Structures are given as C-alpha cells and as structure tokens.
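Peer 1: turn this into a structure:
(one chain, ligands or ions: 1)
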Amino acid sequence: MKIIFFSAKPYDIQFFDSHNQAFGFEMEYLETHLGPHIVKAVDEQTFAVCVFVNDKLTTEVIETLALKGVKVIALRCAGFNNLQLETARKLGIRVCRVPAYSPEAVAEHTVAMLLTLNRKTHKAYNRVREQNFSLNGLLGFNLHKKTVGVIGTGKIGKAFCKIMLGFGCKVMAFDPVIDQNLLAAGIQYGTLEETISSADIVSLHCPLTADNHHLVNTKIIGLMKKGVTLLNTSRGGLIKTEDVIDALKAGHIGYLGIDVYEQEEKLFFKDLSGSIIEDDTIQRLTSFPNVLVTGHQAFFTKEALDQIAEITLNSIKQLSVGEEPAPAVMLV
Ligand code: NAI
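Peer 2: I've put the predicted structure just below:
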C-alpha cells in the first residue's frame, strides 16, 4: 500500500522510515510541495498522500486526488487551514491529522524566543565570539511579575501558561472555551481586549480560522501596552505583518518573536542563503534589532517527530483496514 509524501525533508524520511519498519508501507518521498502543479503526478496505486503545513490542498487538488483514487489525506501537523475540508468530505476522501505532538515542544520554543528577546542572548553569543565583553545594549527585563496574555489555551497554550506561571508571571488568557484546570492553577480569563490590554507579553496559541485572520492589526495593537512583546508560534495569518511593522517603527511593539509568517511558504524549510529574497516584508522584519524570526521550527524536537510519524502511520494503517482512528485524529 503506497503513501506519497510531499514537502519531504531528510528528517521526515529518517523518522518515517524508522517507524515504517513496524507498518511496511511503500513510501515515496517528494521534496516539492503539493499543489496544482504536481498533483497529476500522483499515480493510481496511491492510497494516501501525506502533507505538511505549506502544501496546498485546494478544491482543484483534492478533486484530482479523488480522480486518482486516493483514499486518505494525512496531515503530519495539527493545523489544517491549508485544506478545503468540505471538498474532501464531498468527495469521500478521509482526512487525518496529528492533533497533538508534544505541545511542550511548541510551548518551550515560544519561551526560548521570549528569553532570547528579553535577555538578548543572540547578540551576546555573537559579541563574545568576537571578544566583545561589553554589556552596552544588552539590558534586559525580568519576566518575574510581568503579565502574560495568552490567546488560545488549548494544548500548546496550556503548556505555555504553566511554564510562565513557573517564572512567577501573572497569566491572563482569552479563549472561548475556559479551561477549569488553568483557572484552578491561577490563570485569569478575560475578553480578548482585556487580555491584550493588560499584558506585557502577548502570545498567540489559537488556530488560524476565517474569523481570526489578521487578528493582530493596527486596532488591536492600539490596545496593547507600549513596549509590548508579541509572540506568534501559531500561524502567520493571525498577524497583519504590515501593521506590526508600523507598530515596531513607532516603538509601540517593543519586541516581536515569530516562528510563523503569512508568506512563509516561499521561504521556510528551504536554504535560500545563496538567493536574492524578493519578499521585502520579511527582509524589513529581520532588519529590526528587536525582532526574532525562526522558520517554523517550534515543533522540531525528536519527541515530536517520533509522535508525528507514529500517529500518522497508525491512522493510515487503521483506515486501510477499515478501522476508525480516534475522533480527535479525524477531520473528515
Ligand atoms: P488546540 O486545538 O489544542 O487549541 C486551540 C485553542 O484555541 C482551543 O482551546 C480553542 O478554543 C482556542 N481558540 C480557537 N479560536 C480562538 C480565538 N479566535 N481566540 C482565542 N482562542 C481561540 O490546538 P494546539 O495544539 O494548542 O495548537 C494551536 C495552534 O498552534 C495550531 O492551530 C497551529 O496553528 C499551531 N502550531 C504551530 C506549530 C509550530 O511548529 N509553530 C506546531 C503545532 C501547532
């Protein structure tokens, strides 16, 4: 039984090949992302396609997959904003994902970004290597007693909240669904506006949906404290990047840490070190001394990759023998 992987990187091949020893699927790995340009290359023997965050599962792509007889689209990620679920449902293609793969991996990376920004360790690292031991320009701020506003307290947001409580922060949160365990742990829920306006640090942990596209725009930034630290390890489309750049220029946003970027599909997961980047927005962002950009690596730990491979192959296996995977795994 054949699975074609799109956007496959060496680490995908390593982890999936290793876990496939227990499943025995025929695996084909393609480096290109899935989109209208390549979907016709999928052959009729393919039972499942396995895709990642920047593959484009448009109506056209899913219709072609259905014509080829593909039975399963397996997302090896949690988010599914890149997939037309309704088309898959209409055409009878099952869609599975990995709803949770080490939420701690993403939460811990968010904290790593925060600690880099507030203590400027990235600058210190470079300075010391050049024998510059001066402290000028490295002044940081304590996290202890700061207010952290968390937007979305699902699996990742919850793990992040717990870490921030450990730092001695006051944690406020906005989520349409209130988590009673977090309330008991001392987290205070409020509206989006209350949460954002009271926070020294705002961290986004909600999924990207049609309703919250460009959630962080000039209007919402206007509610934030001057000098706020904004973190986004969720999805690039949650932030209107041009508005954030204006706020950075005006000094309203004091620090920005992003692991995701709205136009990331042309950039992230690729080595472009010898190329001319045409995207002026990312170039402007990386020119700020108080901005840290990582290339969608928050999930990237050994533990998470093991879970992604195991859960994905297990779901495909169950679907192939007519068993129903756990409801949380199935989108369609
Ligand atoms: P989850 O489904 O466990 O939690 C999401 C939470 O957001 C839920 O509690 C939901 O009620 C809440 N929510 C939904 N809409 C909201 C809104 N408009 N405002 C506030 N809260 C809202 O999801 P999980 O596992 O915590 O992942 C969150 C997001 O993190 C994913 O959707 C994905 O976009 C992103 N992610 C990023 C990764 C990375 O490597 N950078 C890796 C994995 C996920």
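Peer 1: quick check: what element follows the helix or strand F15 falls within along the chain?
Peer 2: Following DSSP states H and E, the helix or strand that holds F15 is helix 10-20. Tracing the chain past helix 10-20, the next element assigned as helix or strand by DSSP H and E is strand 26-29.
Peer 1: list the contacts of the residue of the stretch 151-300 of the chain found nearest the ligand.
Peer 2: Per Cβ to the nearest ligand atom, G154 is where the stretch 151-300 of the chain lies closest to the ligand, at 1.6 Å. All C-beta spots, glycine's among them, are computed from the backbone N, C-alpha and C. Taking Cβ atoms under 8 Å, 6 or more residues apart in numbering, we find G154 in contact with 175, 205-206.
Peer 1: alpha carbons of the helix holding F15, as PDB, please.
Peer 2: Included here for helix 10-20 are C-alpha records, laid out as PDB according to Å, rounded to 0.1, in the frame of the first residue of the first chain:
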ATOM      1  CA  PRO A  10      15.700  14.500   5.300                       C
ATOM      2  CA  TYR A  11      14.400  14.400   8.800                       C
ATOM      3  CA  ASP A  12      10.900  13.400   7.600                       C
ATOM      4  CA  ILE A  13      12.400  10.500   5.700                       C
ATOM      5  CA  GLN A  14      14.600   9.500   8.700                       C
ATOM      6  CA  PHE A  15      11.700   9.400  11.200                       C
ATOM      7  CA  PHE A  16       9.000   7.900   8.900                       C
ATOM      8  CA  ASP A  17      11.300   5.200   7.500                       C
ATOM      9  CA  SER A  18      12.300   4.300  11.000                       C
ATOM     10  CA  HIS A  19       8.600   4.000  12.200                       C
ATOM     11  CA  ASN A  20       7.500   2.300   9.000                       C
END
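Peer 1: got the buried residues for that helix?
Peer 2: 12, 15-16, 19 (16 or more other Cβ atoms under 10 Å).
Peer 1: would you turn the residues you listed into CSV with distance to I196?
Peer 2: Conversion of the buried residues of helix 10-20 to CSV gives the following (distance: Cβ to Cβ, whole Å):
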residue, distance to I196
D12, 36
F15, 37
F16, 40
H19, 41
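Peer 1: quick check, nearest of these to D259?
Peer 2: For D259, the closest of those turns out to be D12, at 18.4 Å, with distances computed as Cβ to Cβ.
Peer 1: right, and the closest one touches M27 too?
Peer 2: No. Under the contact definition of Cβ atoms under 8 Å, D12 does not touch M27, with a separation of 10.0 Å.
Peer 1: anything in contact with each of these two?
Peer 2: Residues touching both D12 and M27 (Cβ under 8 Å, 6+ apart) are F5.
Peer 1: give me every residue that touches K2.
Peer 2: 25-28, 43, 45-48.
Peer 1: 10 Å instead?
Peer 2: By Cβ atoms under 10 Å, 6 or more residues apart in numbering, the residues touching K2 are 25-28, 42-49, 70.
Peer 1: so who does the residue nearest in space to the middle of the chain touch?
Peer 2: Within the chain, one residue has its C-alpha closest to the average C-alpha position: by Cα atoms, centre = their mean, that is S234, at 4.2 Å. Counting by Cβ under 10 Å, 6+ apart, S234 makes contact with 79, 106, 110, 151-152, 156-157, 203-208, 212, 215, 258-260, 298.
Peer 1: tell me which helix or strand I156 sits in.
Peer 2: helix 155-166.
Peer 1: quick revisit: now narrow the contacts of S234 to whatever sits close to the ligand.
Peer 2: Of the residues in the contacts of S234, proximity to the ligand by Cβ under 6 Å from any ligand atom holds for 79, 106, 151-152, 156-157, 205-208, 212, 259-260, 298.
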